[in-house]
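Undergrad: build me a model:
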Amino acid sequence: MKKYLLRSLKYFVTFCVLLVALIWLKITYEKLPVTFVGMLEIYFSAWNGWAMAATIVVLSATYPIFGFVNRLVEADIVADRQQIDAAMEASGLVLTKAGEGYLLYRATGLQRLTLIFEDEVRVEQSGTQIVISGHRRTVVRATIRLEGYLTHKRRYNE
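TA: Coordinates of the predicted model:
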């Protein structure tokens, strides 16, 4: 629950910064004769300003629900470690921690910032499958690459 609230707060702040940046750009590039505070007053005196604020609240509260996923892949964390590492590296992730039955990857550089530091991808063994969990976009990209690498390995070894 604590992680969910922290993620919601991060997205709320990010959406608010984007809204402020859009208002600032509107004032700057349309050469409006109004201050930033005046523009905020104008914006929130109409219903669409409050609708935008409500949208920001709803999006930031619900994004952690659909923004993070678990994907299953037929693989073994030990036998297919080379393919897992290659797929993660191709997705811009580096191994930060390895333990008994799990691997932990993180993004680097600008990708880490664009993910608002929610860049952790965890790979765990679950029976004959591995579970890849983390941010939806990152996990899906890594999973697609990993499935391709595993298919190539299986065809090459047959």
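Undergrad: what about residue 42, which SS state?
TA: Of the three states, residue 42 takes helix according to DSSP: H, G, I helix; E, B strand; the rest coil.
Undergrad: ok, it touching residue 36?
TA: No: taking contacts as Cβ atoms under 8 Å, residue 42 lies outside contact range of residue 36: 10.8 Å. Every C-beta, even on glycine, is put in place using the N, C-alpha and C of the backbone.
Undergrad: which parts of the chain are strands?
TA: In the chain, the segments counted as strands under DSSP state E are 68-74, 93-99, 102-107, 121-126, 129-135.
Undergrad: closest to residue 146 out of those strands?
TA: Closest to residue 146 of the strands of the chain is strand 68-74 (Cβ to Cβ; 5.9 Å).
Undergrad: can you give me the buried ones in that closest one?
TA: Of all the residues in strand 68-74, those buried under the rule 16 or more other Cβ atoms under 10 Å are 68, 71, 73.
Undergrad: and what of stretch 151-158?
TA: Buried residues in stretch 151-158, counted by 16+ other Cβ under 10 Å: none are found.
Undergrad: now do stretch 55-68
TA: Under the neighbour-count criterion of 16+ other Cβ under 10 Å, stretch 55-68 has 56, 60-61, 63-64, 68 buried.
Undergrad: again, but for stretch 122-133
TA: For stretch 122-133, by 16+ other Cβ under 10 Å, it's 123-125, 130-132.
Undergrad: hmm, which of those is lowest in pLDDT?
TA: Lowest pLDDT of the buried residues of stretch 122-133: residue 125, 85.
Undergrad: picking that back up, mind checking which of the buried residues of stretch 55-68 land in helices?
TA: 56, 60-61, 63-64 (DSSP state H).
Undergrad: nearest to residue 14 among these?
TA: Within these, the smallest distance to residue 14 is 7.9 Å, found for residue 60 (Cβ to Cβ).
Undergrad: about what we covered before: how about the strands of the chain in CSV, adding distance to residue 7?
TA: Output for those, formatted as CSV (distance: least, Cβ to Cβ, whole Å):
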stretch, distance to residue 7
strand 68-74, 8
strand 93-99, 19
strand 102-107, 16
strand 121-126, 15
strand 129-135, 10
